[in-house]
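In: Based on what follows, work out the 3D shape:
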Amino acid sequence: MPVARRVLEKISIEQITVPDQDYFLDEKPAKVIPYTKTFEEVKNDPFCILHTSGSTGIPKPVPITYGSYGSMDAQLLIPSLGYKPTFLTCVQDKRVFLPFQSSMQQV
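Out: Modelled structure (predicted):
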């Protein structure tokens, strides 16, 4: 029996099932959902939560705020001045998959 199923049998927690990867990589346009809050209203709110790998202990959640994400987005406004384009400029308007590096133990 998978570990997750044994844990879910012991505790009361909301369980959801997410679609397969193909669902998220579908080329059909996504439905537009209006977002009416201002940047000032949400700059300190979590945009997403990433998790550490746990290579130095228990994995920990790392909240990424709208402010942090906004600063990355603002980098697209910096002119190249003839230098090589930045990574963000290269992937602008493209779908990008960025997997996290798995932690490796030295033997």
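In: Low-confidence ranges, this structure, go.
Out: Residues of the chain that meet the criterion pLDDT under 70 lie in 1, 98-107.
In: 80 instead, please
Out: For the chain, applying pLDDT under 80 flags the ranges 1-2, 4-5, 7-8, 12-15, 53, 96-107.
In: For this protein, which segments count as strands?
Out: Assigned by DSSP state E, the chain shows strands spanning 46-51, 61-65.
In: partners of the last one in the sheet?
Out: It refers to strand 61-65. According to DSSP bridges, strand 61-65 forms sheet pairs with strand 46-51 (antiparallel).
In: how far is the partner strand from where the chain is centred?
Out: Between the centre of strand 46-51 and the centre of its host chain there is 6 Å, according to Cα atoms, centre = their mean, to the nearest Å.
In: cool, stretch 26-39 as well?
Out: From the chain centre to the centre of stretch 26-39 is a distance of 16 Å (Cα atoms, centre = their mean).
In: ditto for stretch 81-89
Out: Computed by Cα atoms, centre = their mean, the separation of stretch 81-89 from the middle of its chain amounts to 23 Å.
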